[in-house]
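Enquirer: Below are the sequence and a predicted model for it; my questions follow.
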Amino acid sequence: MRMYDIIKKKRDGGELSTEEINFFISGVTDGSIPDYQISALLMAIYYRGMNVRETCDLTYAVRDSGEKLDFSAIDGIRVDKHSTGGVGDKTSLVVAPIVASFGVKVAKMSGRGLGHTGGTVDKLEAIEGFRTTLSEEEFIAQVNRIGLAIVGQSKQFAPADKKLYALRDVTATVDSMPLIAASIMGKKLAADDDCIVLDVKTGSGSFMKTAKESKELARLMVDIGKNAGKKMVALITNMDRPLGYAIGNSLEVIEAAETLKGRGPADLTEVCMTLAGYMLSLAGKGTPEACKELARRAVADGSALKKLLETVKAQGGNAALIEDPEKFPKAKYARAVKAPRSGYLTETDAEAYGLASLTLGAGRNTAEDSVDFSAGIVLKKKRGDYVSAGEEIATLYSNDASAFPAAEERLLAATQIGNEKPEDEPLIYGIVE
Ligand code: URA
């Protein structure tokens, strides 16, 4: 079999066989296929797409490219949640402790931020001392003991996805439905959870720009998971605007902790309660509506916050930061972004806000870049709010003051102010069960 022929077949709109897909992924994993041929096939898939059978084969090949996790030593039902990636998306930090506070096991493997989107592992590492690498024994023992552990992915876990994702990121081939589905579900199937709730983001700050495309992606991933014996639900949620007010690692941890203290922003709280409701429901705790109510109660009575504190302590993190966010190290510099005119905020484009945060040092341009944990943006106003000329609409934070002009320019270019209050947008576009 020759990689040249596989690229040509897909370039011309052909359907790849299972053997061809397995040949491709095993060559990606063992390094025998050069990056230029991998990239060429990725671009051909981007343009020509893949049918359901090809996407399933690609998913299974990614799953089988490395070690599979065995969670059989974990007692009880294991539930996971995965977001397709967004701006200000700190939902995992809120929903995982809520769900674990009911005795449902959350053995979570999370990713790092890339491009304009953030990642849970970076956020957790903003907590001084927090260890995102645990041995398999430590991980399983912690989940059995307190119900929750969150770690990054090891090198041996779905290695083909690591290679493919790095190349997709630099060849403009991330936003392809079969490639996203195989990447996410390949990793989900290599882990050993019983139930998975997917948060499929839609809009400018996500990889799928329309609700229709996002629903299609959600359907595809739910079907792949169900075929593999998992209980699955996907929520389609709005990512045209940043979620909550905070963008950037420690800023988002603070907002997540505030949400667990019952003082979270309305949009973030609603998405988190809905996600937690579906996770609890899949785990057999009742209907999604009843479980959403349980989730609210776990916040109101402090048990979810207690679970987060327990988890932070168990993984070596400084829990005092969660109790008193004032103790988080602050960025050296802050700059207020002021409204250029009076009126209603009609546009606050999530992707551009994410890129502005990246410019401030909160994200990485390449997988090797380091992250400034205290950098980012705190919005003072959200879409639909009224602002007076000169009023602060956001505060930028960075340890590099020279980053402010470019970040401010980006943020202002992505913010529109009009005379009419814009209509509310849906927060949740649909559920795929
Ligand atoms: N998250 C992933 O893990 N993979 C993708 O392709 C997109 C988002």
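Expert: Looks like it arrived, so ask away.

Enquirer: Do I have it right that Ala413 meets Tyr353?
Expert: No: look at Ala413 against Tyr353 with CB atoms under 8 Å: they stay out of range, at 10.7 Å. Every C-beta, even on glycine, is put in place using the N, C-alpha and C of the backbone.

Enquirer: what residues are up against Val87?
Expert: Neighbouring residues of Val87 by CB atoms under 8 Å, 6 or more residues apart in numbering: 116-118, 205, 239, 242-243, 247, 350-351, 353-354, 357.

Enquirer: Can you find the helix or strand of the chain with the lowest average pLDDT?
Expert: helix 159-170 (a mean of 90; mean pLDDT, DSSP states H and E).

Enquirer: Remind me what that helix packs against, helices and strands.
Expert: On a contact count with 3 or more CB pairs under 8 Å, 6 or more residues apart in numbering; DSSP states H and E, helix 159-170 meets helix 18-30, helix 35-48, helix 52-63, helix 177-190.

Enquirer: Could you tell me which of the contacts of Val87 are located in strands?
Expert: The strands, defined by DSSP state E, take in Ile247 from those.

Enquirer: For the contacts of Val87, which entry has the maximal number of neighbours?
Expert: Scoring these on neighbours with other CB atoms under 10 Å, the highest-scoring entry is Ile247 at 34 neighbours.

Enquirer: Now for that one: which residues touch it?
Expert: Shown in contact with Ile247 (CB under 8 Å, 6+ apart): Val87, Gly88, Gly118, Tyr353, Gly354, Ser357, Ala362, Gly376, Ile377, Val378, Leu379.

Enquirer: who in the stretch 201-350 of the chain is up against the ligand?
Expert: Phe207 (CB under 6 Å from any ligand atom).

Enquirer: now the strands for the stretch 201-350 of the chain?
Expert: All strands of the stretch 201-350 of the chain, identified by DSSP state E, counting those that start in this stretch, fall at 231-238, 246-247, 333-338, 343-348.

Enquirer: Make TSV out of those and add mean pLDDT.
Expert: Below are these laid out as TSV (pLDDT from 0 to 100):
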stretch	mean pLDDT
strand 231-238	97
strand 246-247	98
strand 333-338	98
strand 343-348	97
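
Enquirer: Mean neighbour count, these: which tops it?
Expert: Mean neighbour count (mean count of other CB atoms under 10 Å) peaks for strand 246-247 among the strands of the stretch 201-350 of the chain, with a mean of 30.

Enquirer: Neighbouring strands of that strand in the sheet, and parallel or not?
Expert: Partners of strand 246-247 in the sheet, by DSSP bridges, are strand 376-379 (antiparallel).

Enquirer: Show residues contacting the strand it pairs with.
Expert: 242, 245-252, 348, 353, 356-357, 360, 362, 393-397, 407, 411.

Enquirer: I'd like the average pLDDT over it.
Expert: Average pLDDT, strand 376-379: 98.

Enquirer: Pull the most distant pair out of the contacts of Val87.
Expert: Using CB to CB, these span at most 14.3 Å, a distance reached by Met239 and Ser357.

Enquirer: Report how many residues lie close to whichever residue of the stretch 101-250 of the chain sits closest to the ligand.
Expert: Nearest residue of the stretch 101-250 of the chain to the ligand: Ser183, at 3.5 Å (CB to the nearest ligand atom). When neighbours are defined as other CB under 10 Å, Ser183 has 23 of them.

Enquirer: measure it to Glu425 for me?
Expert: Separation of Ser183 from Glu425 (CB to CB, to the nearest Å) stands at 28 Å.

Enquirer: Kindly report the same for Met109.
Expert: To Glu425, Met109 is 31 Å away according to CB to CB.

Enquirer: Mind checking which of those two has more residues around it?
Expert: Set side by side, Met109 and Glu425 show more neighbours around Met109, with 24 against 13, by other CB under 10 Å.

Enquirer: Surely that one and Lys187 touch.
Expert: Yes: under the criterion of CB under 8 Å, Met109 makes contact with Lys187 at 7.4 Å.

Enquirer: between those two, what contacts are shared?
Expert: Gln153, Phe157.

Enquirer: if we can go back for a sec, would you mind getting the angle between the least confident helix or strand of the chain and helix 177-190?
Expert: 150 degrees (axes from the mean of the first three to the mean of the last three CA atoms, to 10 degrees).

Enquirer: tally of neighbours for the spatially closest residue to Leu308 that is not a sequence neighbour?
Expert: Excluding the flanking residues, the one nearest Leu308 by CB to CB, 6 or more residues apart in numbering is Pro97, at 4.1 Å. A count of neighbours around Pro97, defined by other CB under 10 Å, yields 29.

Enquirer: go on, the one 4 residues further on?
Expert: Counted with other CB under 10 Å, the neighbours of Ser101 add up to 29.
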